[in-house]
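Enquirer: Provided below are the primary sequence and the corresponding predicted coordinates.
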Amino acid sequence: MNEKLSDTGRKAMLDPLFATGWALVEGRDAIRKTFQFSDFVEAFGFMTKVALYAEKWNHHPEWTNVYNRVEVTLTTHDVDGLSSLDAKLARKLDALCEAMHGGA
Ligand SMILES: C[C@H](O)[C@H](O)[C@H]1CNC2=NC(N)=NC(=O)C2=N1
């Protein structure tokens, strides 16, 4: 059963993500990061890769795409806040972005 991150869990799991550009969302227990790519096709390719992991892990992002930018918000609806699944998916997004040229 998934559960909300504890205070110690937050420090351990979120501090490394803050270092890669993730930030807490004002007024929500969520984290957000905007990824920028070379063009729309690369951005959409990133979203496609992420979607496969989201389905595999049954944990889905809240996101918007405008041309070459993808804004991603992660939170766990089932526990109404941040869980380890959000940190896991955030790490995966960073890794996928790193593996693609132009990801930032
Ligand atoms: C029924 C389904 O398994 C649940 O709604 C899953 C789907 N994807 C999810 N994604 C996210 N971000 N949070 C959830 O709590 C969640 N729950």
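Expert: Received it, and whenever you're ready, just let me know what you need.
Enquirer: For this protein, which residues are neighbours of the ligand?
Expert: Residues of the chain lying close to the ligand by Cβ under 6 Å from any ligand atom are 58-60, 76-78. C-beta here means a position set from N, CA and C on the backbone, and glycine is covered the same way.
Enquirer: Select from the residues you listed every entry located in strands.
Expert: Judged by DSSP state E, those include no members of strands.
Enquirer: I only care about those residues that end up buried; give me the PyMOL line for that.
Expert: In PyMOL, a selection of the buried entries from the residues of the chain next to the ligand looks like this (16 or more other Cβ atoms under 10 Å):
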select buried, resi 59+76
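Enquirer: need the residues of the chain next to the ligand in CSV with pLDDT, can you?
Expert: Listed next are the residues of the chain next to the ligand as CSV, based on pLDDT from 0 to 100:
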residue, pLDDT
58, 98
59, 98
60, 98
76, 98
77, 98
78, 97
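Enquirer: now the residues of the chain next to the ligand in TSV, with distance to residue 15?
Expert: What follows is the residues of the chain next to the ligand, written out as TSV (distance: Cβ to Cβ, whole Å):
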residue	distance to residue 15
58	26
59	21
60	24
76	19
77	24
78	24
